[in-house]
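1. Dropping a prediction and its sequence here:
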Amino acid sequence: MPTMQESLRAFSDRLLAVSANLEQQKNAVGRAENEVFEILEQAAAAFAPTADEQSPAGESNALRETVNRVFSDFTDGIRRWKQEMAERSEVRNRLEDMGAGLIVVVFGRTNAGKSTLGNFLRGRQLREAAFDNAWKRGDFPLGPISVIERGKDAEATSDATWFAEGSVETTREAQMFCLPGLLWLDTPGFGSVNDGTLGALARKYVKRADLVVYLDDSDNPGLENITARLVEVMSEGRCTLVAINHSDRKRLVGEDSGDFVFDEKGMPQTFLAPKSPEDRAAQEDYLTGLLRRRLKGQSVDAVSISMKLACMAVENNDEEQFRGSNVQALLSRILGLIPDNEAVTRLKYQEAVRNCMALVDMVRGGADASGQGCTLAGLERQLAALEERIRATEAAFDVENETRAIVAPILLCVREQLHALLQAAKDGPESAGEEALPPGASGLFAGLTGALAALKAADGKHGDERRVDLAPLMEEAGRVALRGVEDRARQLLSDLWVQPAAEIRRNFPTAEAAVIRKKTEKHVYEVTETESYERDPSGFFEHIGSFFGKRYYGRRQVTRQKELIIDLGFNVEEVFAEQCRRIEAACTDFVRQEMELIRRECLARGMEAARERRAVLSEAGKRLEALRRKLERELPPSGREEQAC
């Protein structure tokens, strides 16, 4: 097979093989990174506050606020971790936008032929070549050139099919094209008018390259300011190949024989020919020697090429021109500096694996990340602090003791109010002004005194009882009980639990009307009395006398039962005593119910919510740790990692 075809076939076959392996490895790492965020998204969904844990406006609740804050930190963290992961791989991601491949960065002097070299490998001439090749077969599709970054003075032109070529400075942007297995980045030249801005871009992308190709100009190689830039790049340990372009010269047709050929205008005809092997070797030795003196102990290699001859060779299908271009040596050196495709893909895969492992470490945090609130460990510590606070509060929370402590002052207040009402009712409205009554008792006082007055006036003629509405007293007791529950809960729980009064007050009984009646006492006793009664006649003479209408009487003693009804006044004291018992029972049940509700809804549920959320974070951490161990097994033992160069 001719040299030109063989050289190009070896180069394209290697790229296609690298492409297949890189794509496989890239997908594997992509799946691992996706799994990290899938674990986090699932944990966030399980962690999300429930409807009753959302904090309504105006309410302060430590449990709700902690859950909402930690959830917000968690979701913000996921977004930040994604951003940091993207920034961590910013250059790699940009360079791999169009596919997986070896990253080759070309930099060097202005007008050194970087764009011509890129267009050649992209297939500008090869796609129209007379011989079969991978570019012509379509193995390397022709996609648009991507502008990675623009310089300040660069025109915002649309993406082109080819790099612009010319004798003036043409590359004002960092541009890239992609072939299967190869990402080729063309940078602005050093020493250009854009060097202050775009030269920095070149160095930026050089740091991410698998191979750096430096182009110098054969007309004047090794300029001091350019060489200094090259030393900076090579000292960073990048794989660097120095190519000295324009290693050609114009020769006169017939120069060797002295039989010159002239054109129609009488000018001697010329053709492009390679520089002599001696001239090329001298330039290569000069440049490599210069670099070796500055990079002691570091391997430096250089090759002289002529991209013009290479382009002409393909267009003309001229083997001699191609050999004279020495591009086959450039392609061979590139393949020689790149290890076998498996080693390259493994190294690139390992770098991506380490990035993914670093992401897992960053997300999980740990004991050394106490200052980082937004890691799984940091978020879990916030919940642990809340859980410990709930546990300490629960230890001091005794429902029965708290119930007795709240109810006792309520009953004392109720008794005082009833006593004042009763005394005022007995003495009459004129003896106690309304200002002497308990707060809110004026209506109850009016009902009570009215009932007593009605009973006195009736004197048993229109019934001996009246009904008095005691609902205000029960309602007042309920309000006092509610305030007691709220005040005590606030003291015990601080901001662990806050619930509006409208929600806390429920099922407090209402009071039925009290029946005020006269109170009497019936006594039954026996009385023996002598009474006269008509008797039958006795004897002859009494019968004769009765015949003439005479009546006869006798006396006897009779024992009879009699009843005595004693008026004891009204049953107000008994009614109020019963009311006290009812209020005590109602308040006790109400307060116990509410305190138990608070303990259950705040402390028990709060503890459960904190534990469940901690379990979510812990489970996510365990899954990430398992993923990290899996990734770690993909790396070689420490100290035995392969090097690409």
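-> Here it is on my side, so go on.

2. Can you tell me which residue sits nearest the middle of the protein?
-> Taking Cα atoms, centre = their mean, the centroid of the chain lies closest to Thr75, which sits 1.1 Å from it.

3. From what I see, it and Ala43 are in contact.
-> No: between Thr75 and Ala43 there is no contact under Cβ atoms under 8 Å: 10.4 Å. To be clear about C-beta, it is placed using only N, CA and C from the backbone, and glycine gets the same treatment.

4. what about the stretch 501-645 of the chain, any weak spots by pLDDT?
-> Judged against pLDDT under 70, the low-scoring parts of the stretch 501-645 of the chain cover residues 501-514, 516, 569-570, 636-645.

5. which residues of it fall in strands?
-> For the stretch 501-645 of the chain, the strands defined by DSSP state E, counting those that start in this stretch occupy 514-535, 552-570.

6. Just the element for the residue nearest to the centre of the chain, please.
-> Applying DSSP states H and E as the criterion places Thr75 in helix 62-88.

7. roughly how far is that helix from the heart of the chain?
-> In terms of Cα atoms, centre = their mean, to the nearest Å, the centre of helix 62-88 is found 3 Å from the chain centre.

8. if we can go back for a sec, want to try a markdown table for the strands of the stretch 501-645 of the chain, with distance to Ala17 and mean neighbour count as columns?
-> Shown next, in a markdown table, are these (distance: least, Cβ to Cβ, whole Å; neighbours: other Cβ atoms under 10 Å):
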| stretch | distance to Ala17 | mean neighbour count |
| --- | --- | --- |
| strand 514-535 | 101 | 12 |
| strand 552-570 | 112 | 10 |
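
9. related to what we said a few turns ago, which positions within the helix holding Thr75 qualify as buried?
-> Under the neighbour-count criterion of 16 or more other Cβ atoms under 10 Å, helix 62-88 has 62-64, 66-68, 70-71, 73-74, 77-78, 81, 85 buried.

10. now do stretch 222-230
-> 222, 226-227, 229-230.

11. quick one: average pLDDT of it?
-> The average pLDDT for stretch 222-230 rounds to 74.

12. CA atoms only: put it into CSV for me.
-> Taking Å, rounded to 0.1, in the frame of the first residue of the first chain, the C-alpha atoms of stretch 222-230 are listed here in CSV:
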residue,chain,number,x,y,z
GLY,A,222,12.8,29.1,18.6
LEU,A,223,12.0,32.8,19.2
GLU,A,224,12.6,33.6,22.8
ASN,A,225,9.2,34.9,23.8
ILE,A,226,7.5,31.9,22.0
THR,A,227,9.9,29.4,23.5
ALA,A,228,9.2,30.7,27.0
ARG,A,229,5.5,29.9,26.5
LEU,A,230,6.3,26.4,25.2
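
13. circling back: what distance do you get for the closest residue to the residue nearest to the centre of the chain other than its chain neighbours to Asn355?
-> Nearest residue to Thr75, sequence neighbours excluded (Cβ to Cβ, 6 or more residues apart in numbering): Ala44, at 5.6 Å. Ala44 sits 22 Å away from Asn355, going by Cβ to Cβ, to the nearest Å.

14. Buried ones in stretch 594-602, by neighbour count?
-> Quick answer for stretch 594-602 (16+ other Cβ under 10 Å): 594-595, 597-599, 602.

15. Need those in CSV (columns: distance to Gly289).
-> Shown next, in CSV, are these (distance: Cβ to Cβ, whole Å):
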residue, distance to Gly289
Glu594, 92
Met595, 91
Leu597, 89
Ile598, 86
Arg599, 86
Cys602, 81
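
16. if we can go back for a sec, same list (the strands of the stretch 501-645 of the chain) but as CSV, adding distance to Arg623.
-> Putting these into CSV (distance: least, Cβ to Cβ, whole Å) gives the following:
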stretch, distance to Arg623
strand 514-535, 67
strand 552-570, 78
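
17. sorry, back to before: the helix holding Thr75 packs against which elements?
-> If you count contacts as 3 or more Cβ pairs under 8 Å, 6 or more residues apart in numbering; DSSP states H and E, helix 62-88 packs onto helix 3-47, helix 341-364, helix 376-395, helix 605-632.

18. Save those as CSV, and put in mean neighbour count and distance to Ala130 too.
-> Formatted as CSV, the helices and strands packed on helix 62-88 follow (neighbours: other Cβ atoms under 10 Å; distance: least, Cβ to Cβ, whole Å):
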stretch, mean neighbour count, distance to Ala130
helix 3-47, 17, 11
helix 341-364, 19, 30
helix 376-395, 18, 63
helix 605-632, 18, 50
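
19. what's the least confident stretch among those helices?
-> Among the helices and strands packed on helix 62-88, helix 341-364 scores lowest, at a mean of 71.

20. right, and Ile406 touches Arg488 too?
-> Yes: with contact defined as Cβ under 8 Å, Ile406 counts as touching Arg488 (5.8 Å).

21. which of those two has more neighbours?
-> A count of neighbours by other Cβ atoms under 10 Å puts Ile406 above the other of Ile406 and Arg488, at 24 against 18.

22. Check what pLDDT the more buried one gets.
-> With respect to pLDDT, Ile406 scores 82.

23. So it: helix, strand or coil?
-> Following DSSP: H, G, I helix; E, B strand; the rest coil, we place Ile406 in the helix state.

24. Numbering from 66 from now on, please.
-> In the new numbering, first residue 66, that becomes Ile471.

25. ok, now which ones touch the residue nearest to it when sequence neighbours are not counted?
-> Spatial nearest neighbour of Ile471, chain neighbours left out: Gly549 (4.0 Å); criterion: Cβ to Cβ, 6+ apart. Gly549 is in contact with 471-472, 474-475, 656, counting by Cβ atoms under 8 Å, 6 or more residues apart in numbering.

26. gap between Gly549 and Lys330?
-> Gly549 is 116 Å from Lys330, where distance means Cβ to Cβ.

27. which residues do Ile471 and Arg553 both contact?
-> In contact with both Ile471 and Arg553: Met660, using Cβ under 8 Å, 6+ apart.
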